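[1] using only what follows, build the 3D model:
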Amino acid sequence: MKRAHWEKLQLCVALERIADALPGVDRLKCLGTANAIVPLLRSIHRYEETVIFPAYEVAVAANNA
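    Okay, the predicted model is just below:
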């Protein structure tokens with residue numbers, strides 16, 4: 001989970017740097033960041049669905065028992 005959070009923060013940093021560079025933004029940095037967004041979000045969503053949400057459901061069920 002720490003890795004996923006760190007990767008999201010790195011994406012945010014990259015997006016902030018792009019925004020700070022406007023209007024003279026480096027197009028290659030934009031392209032690289034854009035290409036990283038979808039795979040990163042898919043990976044994080046998959047992790048949430050397979051690890052986080054099931055663990056949460058078990059914890060809630062145990063707490064309600």
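
[2] quick one: the helices in the protein, in order.
    Listed from the start of the chain, the chain has helices (DSSP state H) covering 2-21, 27-47, 53-64.

[3] mind putting those helices into a markdown table with mean neighbour count and mean pLDDT?
    Every residue, glycine included, has its C-beta placed from N, CA and C. Formatted as a markdown table, the helices of the chain follow (neighbours: other Cβ atoms under 10 Å; pLDDT from 0 to 100):
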| stretch | mean neighbour count | mean pLDDT |
| --- | --- | --- |
| helix 2-21 | 12 | 93 |
| helix 27-47 | 12 | 94 |
| helix 53-64 | 9 | 93 |
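
[4] the residue most central in space within the chain: what's its closest spatial neighbour, skipping adjacent residues?
    When Cα atoms, centre = their mean is applied to the chain, the residue found nearest the centroid is K8 (3.6 Å). In space, and not counting its chain neighbours, K8 is closest to I44: 6.8 Å by Cβ to Cβ, 6 or more residues apart in numbering.
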